[in-house]
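Colleague: no sequence for this one, just the structure:
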């Protein structure tokens, strides 16, 4: 068994440093031309390079404000990573399709997975629809045959659920310790459980790159466990 590595790319410039933090907020809420000199997707690039060096693959989910550059696309292809939509406007199936088609047009390819931005607690950007209604999104995934990451809750002990031909993981192990009960779910829990079954590991590149302890746990998980991105990982 293995990790199903989920990378949510929430911020184009991270949040470290006032200028980059402001640029991320403006990009999310309004519009800002891509500024490579300010480190657009710098943290994601670093994470992908780490994964590629170790031969590990991931699902990578992009918002409208974090669409990948050609360089990121090249790293994605080199590492066998899969593109996913990090859905913001989940008001209806129509708004879902609009975001999906926008990303597919940008990439020039079909996108086979999606996840929901946020956990329903707060509004995270101008285009973000806060309510987290996972059962509502399930028919959208089934209609298009997409892998649907049902895991924005914070209890990785929740058992997988069968929905037709899909097996949905209703939660994930959040790598960032600020969103995880580290006493109940230390990194040792992940190493033990993912050796016996598939476990979704959720991470955000800017948070991992900003914290030496989180990075150490990330590298430990990569060195100790396999990763899978194949459709079989859902069964």
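Modeller: Right, received. Where do you want to start? In this text the structure is predicted, and so the values were computed from the model without any measurement.
Colleague: ok, and what's touching the lengthiest helix in the chain?
Modeller: Longest helix in the chain, counting residues (DSSP state H): helix 93-107. For helix 93-107, the external contacting residues (Cβ atoms under 8 Å, 6 or more residues apart in numbering) are 62, 64, 67-68, 73, 83, 85, 87-90, 110-111, 114, 129, 137, 139-140, 144. C-beta here means a position set from N, CA and C on the backbone, and glycine is covered the same way.
Colleague: can you rerun that using 10 Å?
Modeller: Judged by Cβ atoms under 10 Å, 6 or more residues apart in numbering, the contacts made with helix 93-107 from elsewhere in the structure are 61-64, 67-68, 73, 76, 83-90, 92, 109-111, 114, 116, 127, 129, 136-137, 139-141, 143-144, 146.
Colleague: Contact partners for residue 26?
Modeller: 12-13, 32, 65 are the contacts of residue 26 under Cβ under 10 Å, 6+ apart.
Colleague: now with 6 Å?
Modeller: Applying Cβ atoms under 6 Å, 6 or more residues apart in numbering to residue 26 gives the contacts residue 32.
Colleague: For it, give its distance to residue 214.
Modeller: Plainly put, residue 26 is 26 Å away from residue 214 if you go by Cβ to Cβ, to the nearest Å.
Colleague: got it, and residue 152?
Modeller: Taking Cβ to Cβ as the measure, residue 152 falls 19 Å from residue 214.
Colleague: May I see the buried residues of the longest helix of the chain?
Modeller: By neighbour count with 16 or more other Cβ atoms under 10 Å, helix 93-107 contains the buried residues 96, 99-100, 103.
Colleague: mind putting those in JSON lines, distance to residue 184 and pLDDT included?
Modeller: Written out in JSON lines, the entries for the buried residues of helix 93-107 read as follows (distance: Cβ to Cβ, whole Å; pLDDT from 0 to 100):
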{"residue": "96", "distance to residue 184": "34", "pLDDT": "96"}
{"residue": "99", "distance to residue 184": "34", "pLDDT": "96"}
{"residue": "100", "distance to residue 184": "36", "pLDDT": "97"}
{"residue": "103", "distance to residue 184": "35", "pLDDT": "97"}
